[in-house]
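> generate coordinates for the sequence data below:
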Amino acid sequence: MIPEAFADGKSVIHSIDPRIKVVLALIYSFVVALSSSFVILLSSLVTSMVLVMVARLDAREVLKRLAVLLGFILLIWMLMPLTYPGATLFRIGPVAFSSPGVILAAQISLKSVAILLSLMALLATMSVATMGHALGILGIPDKLVYLLLITYRYVFVMEQEYQRLIRAMKIRGFKPGTNLHSYQSYAYLVGMLFVHASARADRVSKAMKCRGFTGRFHSLWQFEPDPRNRLFAVIMSLIIILMTTVELWIQTIHS
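The predicted model follows:
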């Protein structure tokens, strides 16, 4: 099973209604992604860091997830300043670094980190089953919700099946290379994965029906009214409105 490192906790954010967290995470990420002024981007980064601290997430787990993103950000910093056209900011020998490229790389970096931290604080603090239940209540089509839940439940099973097939190929002496035999072997591997996935899906469907599945998943989470929900929603809404207003004001000044 894919671990849910942040789902179990007793912080204020863990106790907030999942529906509110899903909606706020979507709107907040949308506002941050569309912002371009460094004032707003730095403010969003600080806000996201505060959310992570309020959620009391394990620092090591947070850094592990950030490390994956930082690899992508490093690639952006290696390419953007060198390939983006515009005025030269500085040179290192014959290599010129453009000012617009550096600015764009910095904007992408701040946006990416701020959004990832906010998603860890707002969405990762609930289980996938609870998130699916919240999405269903918010009006997301049931089939999409079921697809999310079942994919999450069985994607690791297919990974185990893939590893089993790879071990079987190695036991039979398979050595990958750039030749027709290797390409055929990998094609057979993908085909067998689809065959096994189809067979397992059929067995799972029959097992669920035998256990009385009627097309609806139920969650143990009870969405009850709580003053903290309203307070958190109001605070986050004010922050989002303030960020949007300041961003529009800055854009108006520059235009």
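> from here on, just use CA atoms for contacts and neighbour counts.
Will do.
> output the contacting helices and strands for the helix or strand of the chain with the lowest mean pLDDT.
Among the helices and strands of the chain, strand 88-92 carries the lowest confidence by mean pLDDT, DSSP states H and E, at a mean of 74. Applying 3 or more CA pairs under 8 Å, 6 or more residues apart in numbering; DSSP states H and E, one finds that strand 88-92 makes contact with strand 95-98.
> got the buried residues for the strand it packs on?
Within strand 95-98, the residues scored as buried using 16 or more other CA atoms under 10 Å are 97-98.
> could you name the helices and strands sitting against that strand?
Other helices and strands packing on strand 95-98, by 3+ CA pairs under 8 Å, 6+ apart, are helix 59-83, strand 88-92.
> for the least confident helix or strand of the chain, buried residues please.
So for strand 88-92, counting by 16+ other CA under 10 Å, buried means Thr88.
> ditto for stretch 196-216
Those would be Ala197, for stretch 196-216 by 16+ other CA under 10 Å.
> can you tell me what sits against that stretch?
142, 158 (CA atoms under 8 Å, 6 or more residues apart in numbering).
> before we move on, back to that, deepest-packed of the helices and strands packed on strand 95-98, please.
helix 59-83 (a mean of 14; mean count of other CA atoms under 10 Å).
> name the helices or strands packed onto it?
Using 3+ CA pairs under 8 Å, 6+ apart, helix 59-83 sits against strand 95-98, helix 99-122.
> and for the longest one, what's in contact with it?
For helix 99-122, the surrounding residues in contact (CA under 8 Å, 6+ apart) are 6, 13, 21-22, 25, 29, 32-33, 36, 38, 41-42, 44-46, 48-49, 51-52, 55, 57, 62, 66, 69, 73, 76-77, 80-89.
> coming back round to it: mean pLDDT lowest for which of the helices and strands packed on strand 95-98?
Confidence, taken as mean pLDDT, is least for strand 88-92 of the helices and strands packed on strand 95-98 (a mean of 74).
> so where do the helices sit in the chain?
18-34, 38-55, 59-83, 99-122, 128-137, 142-171, 180-210, 227-254 (DSSP state H).
> if we can go back for a sec, can you tell me the strand partners of the least confident helix or strand of the chain and which way each runs?
If you go by DSSP bridges, strand 88-92 pairs up with strand 95-98 (antiparallel).
> quick check: mean pLDDT of the strand it pairs with?
77.
> what does it contact?
81-91.
> hmm, try it at 7 Å
Here strand 95-98 makes contact (CA atoms under 7 Å, 6 or more residues apart in numbering) with 81-82, 84-91.
> starting at the chain centroid, how far to it?
On the basis of CA atoms, centre = their mean, to the nearest Å, strand 95-98 sits 33 Å off its chain's mean C-alpha point.
> now do stretch 127-138
Per CA atoms, centre = their mean, the centroid offset for stretch 127-138 relative to its chain is 15 Å.
> let me see the confidence value for Ile241.
95.
> look up how far Tyr28 lies from it.
In this view, Ile241 and Tyr28 are 10 Å apart by CA to CA, to the nearest Å.
> what does Leu89 give?
32 Å.
> could you do Phe194 as well?
Taking CA to CA, one finds Phe194 at 38 Å from Tyr28.
> low pLDDT regions in the stretch 1-150 of the chain?
Flagging of the stretch 1-150 of the chain using pLDDT under 70 yields the residue ranges 1-3.
> if we go to 80?
Within the stretch 1-150 of the chain, the ranges that satisfy pLDDT under 80 run 1-7, 9, 84-97.
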